[in-house]
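Undergrad: I would like the atomic coordinates for the input below:
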Amino acid sequence: MSTENNTLRQFKSKLDRLIHSSKGKDIIIFSLFLCVAYAFWLLLTLNIEVQEDMEVNIELVDIPDSVTIINDVPEIINVSVRDKGSSLIKYTWGSNPVMKVRFKDYDNGDNRLVMGEADIDSRLRSFFGNSSRIISSKPDSINVYYTTKPGRKAKILINADLHPALQYVINGKITASSDSVTIYSISDLPLSLNTVNTVPIVRSEMKDTTYIEAKIVPINGTRIIPDRIKLCIPIEPLIAKRRTIPVVPVNTPENTGLITFPSTVEISYLVPMSMYNNDNYEMNAYANYNDISDNGIPLVLSEPPAYYHNISMTPDSVEYIIEKK
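TA: Sure thing, here's the model as predicted:
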């Protein structure tokens, strides 16, 4: 504590010497003149007419529950307004004003909300005051289409080209936050429209479970809800595994025995990490009596499960003895 007090006293002493020095007095005088100049500049600026480019947020409100908006409502209007600086300062230094558009005020009764140039200009003046001049606004009009018809369910088809990294695998089903969408339209939808596609997705060298936001391909004149889904692609590393399996004779004639040497073989393969300790799938190596030759009998593996990868067998053929019973 004493060390901190000493440091503080030393700082105050240095500051006091600086203030009372000629250099310190020059700095103080310069700062005062600078503040006075800024104050005069600010007063002059606030009293002259200026032109500013601003953004006005748009919010569509009081939408009936039976209504579905088809096309997107513009989020902002870019407006160029001219007025005294004192009138515009609260907008240039504050947050964007919000224009709330009531549904029933602009509903033309023909599945459309229409807000013309005169309407927008009038609403903008209500924000900036009658003394302001609206030089330009973009967009200068708003047309919003809507429908009260019920939507149609459509299945989502995932358009994806996915490739895990070497020694990794997609283990399991790709899951989506939704398997279907609802399509809304002003006009009747064709009966054949019962599926939608995602925008093509391409991923490679994936080494961990991956989450992707997939957009739905839009259809002109319709609104699709949801317009995007989240996909989960389960990625796991592959682990090498070995085990011994029996050799099983098949197609042996009646009253005939077939003894193979060896009677077991070793298989090696790769499995996803999560399956390593749960791999109890029964595998056999089949020695077909009909394939007997002077070189032995070639072995054929039973059908492996889908999660086995790069299977190899040692040896791949066996010697044999035929016994008559």
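
Undergrad: which stretches of the stretch 51-200 of the chain have low pLDDT?
TA: 84-94, 130 (pLDDT under 70).

Undergrad: Show me where it has its helices.
TA: 85-92, 117-128 (DSSP state H, counting those that start in this stretch).

Undergrad: which helices and strands does the longest one pack with?
TA: With contacts defined as 3 or more Cβ pairs under 8 Å, 6 or more residues apart in numbering; DSSP states H and E, the packing partners of helix 117-128 are strand 76-84, helix 85-92, strand 98-102, strand 133-138. From N, CA and C alone the C-beta is placed, and that goes for glycine too.

Undergrad: Where does the record place the domain boundaries for the protein?
TA: 1-47, 48-148, 152-233, 238-324 (automatic domain parsing).

Undergrad: okay, those domains in JSON lines with mean neighbour count next?
TA: Listed next are the domains of the chain as JSON lines, based on neighbours: other Cβ atoms under 10 Å:
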{"stretch": "domain 1-47", "mean neighbour count": "10"}
{"stretch": "domain 48-148", "mean neighbour count": "14"}
{"stretch": "domain 152-233", "mean neighbour count": "14"}
{"stretch": "domain 238-324", "mean neighbour count": "14"}
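
Undergrad: Residue nearest the middle of the protein, spatially speaking?
TA: Compute the mean C-alpha point of the chain, and by Cα atoms, centre = their mean the closest residue is Glu213, 2.9 Å away.

Undergrad: Nearest residue to Val79 in space, please, no chain neighbours.
TA: Ser137 (4.5 Å; Cβ to Cβ, 6 or more residues apart in numbering).

Undergrad: cool, and Arg112?
TA: In space, and not counting its chain neighbours, Arg112 is closest to Tyr145: 5.5 Å by Cβ to Cβ, 6+ apart.

Undergrad: Contacts only, for that neighbour.
TA: Contact analysis of Tyr145 by Cβ atoms under 8 Å, 6 or more residues apart in numbering lists 69-71, 111-113, 186.

Undergrad: Likewise for Thr252?
TA: By Cβ under 8 Å, 6+ apart, the contact set of Thr252 is 258, 289.

Undergrad: longest strand anywhere in the chain?
TA: When the chain is parsed with DSSP state E, its longest strand is strand 235-250.
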